[in-house]
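In: this one's sequence-less:
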């Protein structure tokens, strides 16, 4: 594995030459070489609008947009799902799957009902994947949402170790059509380096939970290893895959994810020899990045402890200098997703037991940048 050289910019940014994967629209046997970004992104942007979409949410965690423009939001502690329209109209999800979630999910510490993503749709039926903490493990569930009714669930990936901290939990479907799953080390740092453990990894699987074709090790779901606690995933238009990483005491990271890449935990936090180098690092007080969104001009990271939205501009051969947005304005930020109208939806995280809730927390914000 080639080690990436890192150049510091300002306090925390690092530039590197990037190479990534640019999969097709349908599942294939592995990544192909991406093209470069067509135009350089602006070095900085300005937040021009911040509007409350919805408030009074209890520990919201994951958010995914449905084909009809609504978003489905997970509630970590309540083990429930809420549909949120562009106008802020909220509808609780009911049905057999919703009942199963309340019976199956065991919230504790950072665990509970976490990530959600859309696997596909047909008519009004939308196939969802959900990441949940149960009495025995963390697992990925699959079910069909029709309107506001969630059908029966079935597990597609089980046996991810759980803990009070470092449960990972983000789900995303890549440009190749496969499901990517982030897992934490669950308080067992050596597991991140164990290729036979599901923990401390980014996993790549089919919609039925099998290891995806073209994975680095045939028959294994592991896409990359050496992670402490990844909670954000996203892809640039040219196919580059990015992930946000919680540090322990020193450095949080933004990483370019390579198939088979080893990101160094627990031997390395931040930059270190012998492993894939991060693109950018921050002191843990400034970031603690959870969710991540990628647009055609930048990577956006939702900062919990840092209480800000970080933007890292995309360049043709790497990334530029990080810029802090919404600094201290809305408290802890848990998730960020590109919305169909070109805005960003940002989920606050002030009711998770570590924040200072304000009246109306937690919220979904609509943020526009120019």
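Out: Cool, the structure landed. Everything numeric in this text was worked out from a predicted model, so none of it was measured.
In: what kind of secondary structure is the nearest residue to residue 57 once chain neighbours are set aside in?
Out: Among residues not flanking residue 57 along the chain, residue 362 sits closest, at 4.5 Å (Cβ to Cβ, 6 or more residues apart in numbering). C-betas here are computed from N, CA, C, even on glycine. Put simply, residue 362 is coil when judged by DSSP: H, G, I helix; E, B strand; the rest coil.
In: neighbours around residue 362, how many?
Out: When neighbours are counted by other Cβ atoms under 10 Å, residue 362 registers 27.
In: if I pick it, what's in contact with it?
Out: The contact partners of residue 362, taken as Cβ atoms under 8 Å, 6 or more residues apart in numbering, are 55, 56, 57, 58, 59, 60, 334, 347, 348, 349, 350, 351.
In: Residue 212 now?
Out: Residues in contact with residue 212, defined by Cβ under 8 Å, 6+ apart, are 27, 176, 178, 179, 204, 205, 206, 221.
In: how long is stretch 157-174 from one end to the other?
Out: 17 Å (Cα to Cα, to the nearest Å).
In: Going by neighbour count, which residues of it are buried?
Out: Within stretch 157-174, the residues that count as buried by 16 or more other Cβ atoms under 10 Å are 157, 160-163, 166-174.
In: before we move on, the earlier item: pLDDT and distance to residue 133 for the contacts of residue 212 - can I get that in JSON lines?
Out: Shown next, in JSON lines, are those (pLDDT from 0 to 100; distance: Cβ to Cβ, whole Å):
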{"residue": "27", "pLDDT": "47", "distance to residue 133": "28"}
{"residue": "176", "pLDDT": "98", "distance to residue 133": "27"}
{"residue": "178", "pLDDT": "98", "distance to residue 133": "23"}
{"residue": "179", "pLDDT": "99", "distance to residue 133": "18"}
{"residue": "204", "pLDDT": "99", "distance to residue 133": "21"}
{"residue": "205", "pLDDT": "99", "distance to residue 133": "18"}
{"residue": "206", "pLDDT": "98", "distance to residue 133": "23"}
{"residue": "221", "pLDDT": "98", "distance to residue 133": "19"}
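In: how about those in a markdown table, adding secondary structure, distance to residue 185 and neighbour count?
Out: Listed next are these as a markdown table, based on DSSP: H, G, I helix; E, B strand; the rest coil; distance: Cβ to Cβ, whole Å; neighbours: other Cβ atoms under 10 Å:
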| residue | secondary structure | distance to residue 185 | neighbour count |
| --- | --- | --- | --- |
| 27 | coil | 29 | 15 |
| 176 | coil | 26 | 25 |
| 178 | coil | 23 | 22 |
| 179 | strand | 21 | 24 |
| 204 | strand | 18 | 24 |
| 205 | strand | 19 | 20 |
| 206 | coil | 25 | 16 |
| 221 | coil | 16 | 22 |
